[in-house]
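In: Fold the following.
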Amino acid sequence: ERKGVEWVMEHDAISFDLKPEVSSFLLIEVDGNNMDVLFTDCEKINEVLEQHNCLEVLFADSSAQKEELWRLRRTMAVSVKSNSVYKEEDTVVPRAELPKLMKGIKEIGTKYGFESICYGHAGDGNLHVNIIKAGMNDDDWNSKLKDGIEEIFKLTVSLGGTISGEHGIGLVQKNYMQIRFSEIHLNLMRGIKQVFDPNGILNPGKIF
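Out: Next up is the predicted model:
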């Protein structure tokens, strides 16, 4: 999204002229050995972008320009870390639901008083949600964050998604598993764990 890109440009001294009305960006790459096929692919992609009211297309016509665009994406996480205390969540929904997820996350942020920087892998429906502390005082941050995250996960599940994409559940999402999984599902997981680890010696106390 725009604010994340602006943070990267400031952090890495990268310069792009961005139209003021542009709020989100989609990075698309095509590859192959036949230039004619690649240009045909690009033309088809451009037609789809026009159908969906894309405001501007930045086309990399050199390796250096391509690398500069990818650097914008790759350094997004670093720029977020350099700007504020933050909490990252890893949501994933069917691709067509990404706009609803993004809109809902912003509305939840307004409700609980936090900003967010979102980026991810649109082709996988995977959206990394970086909840930004910024000017929130510690009391609000500590008291409202959990409820805000829970609401984001409930929205994600309501859109046919799940509470973690590429990052996995780990310890962080452990307490939110009941939002996505039924008690039957969780008991099945516990049963499988019991079969292979009856004495509870493998990663004890982590999940089950």
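
In: For this protein, which segments are assigned as helices?
Out: Along the chain, counting by DSSP state H, helices occupy 2-12, 35-51, 63-74, 76-83, 98-112, 138-158, 177-180, 183-196.

In: Could you list the buried residues of the first one?
Out: If I follow you right, that is helix 2-12. By 16 or more other CB atoms under 10 Å, the buried positions in helix 2-12 come out as 4-5, 7-9, 11-12. The way it works is simple: take the backbone N, C-alpha and C, and place the C-beta from them, glycine included.

In: Quickly list the domain ranges of this protein.
Out: 2-76, 85-187 (automatic domain parsing).

In: Point out the most buried one among those domains.
Out: A comparison of those by mean neighbour count, using mean count of other CB atoms under 10 Å, puts domain 85-187 on top with a mean of 17.

In: Roughly how far does residue 70 sit from residue 29?
Out: 8 Å (CB to CB, to the nearest Å).

In: Actually, residue 68.
Out: On the measure of CB to CB, residue 68 and residue 29 end up 13 Å apart.

In: Same question for residue 202.
Out: Counting by CB to CB - residue 202 and residue 29 are separated by 40 Å.

In: quick revisit: looking at the domains of the chain, spot the one closest to residue 198.
Out: Smallest distance to residue 198 across the domains of the chain (CB to CB): 16.0 Å, for domain 85-187.

In: ok, so of the buried residues of helix 2-12, who is nearest residue 133?
Out: Nearest to residue 133 among the buried residues of helix 2-12, with distances taken as CB to CB, is residue 7, at 14.4 Å.

In: Which residue is the nearest non-sequential neighbour of that closest one?
Out: residue 79 (4.3 Å; CB to CB, 6 or more residues apart in numbering).

In: what's the burial count for the one you found?
Out: For residue 79, the tally of surrounding residues (other CB atoms under 10 Å) stands at 19.

In: Could you double-check that it lies in contact with residue 14?
Out: No: counting by CB atoms under 8 Å, residue 14 is not a contact partner of residue 79; they are 10.1 Å apart.

In: okay, and the common contacts of these two?
Out: residue 8 (CB atoms under 8 Å, 6 or more residues apart in numbering).

In: pLDDT score for residue 99?
Out: The score at residue 99 is 94. That number is its pLDDT.

In: What of the one 3 residues further on?
Out: Here, the pLDDT recorded for residue 102 equals 96.

In: so who does it touch?
Out: Residues near residue 102 by CB under 8 Å, 6+ apart: 1, 24, 118, 127.

In: so which two of those residues are the farthest from each other?
Out: Across the contacts of residue 102, the longest distance by CB to CB is 11.1 Å; it joins 24 and 127.

In: re earlier: wait, what's in contact with the residue nearest to residue 7?
Out: Counting by CB under 8 Å, 6+ apart, residue 79 touches 4, 7-8, 10-12.

In: any chance of the residues you listed in a markdown table, with pLDDT and distance to residue 42 too?
Out: Formatted as a markdown table, these follow (pLDDT from 0 to 100; distance: CB to CB, whole Å):
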| residue | pLDDT | distance to residue 42 |
| --- | --- | --- |
| 4 | 92 | 25 |
| 7 | 91 | 29 |
| 8 | 91 | 24 |
| 10 | 88 | 30 |
| 11 | 86 | 30 |
| 12 | 84 | 27 |
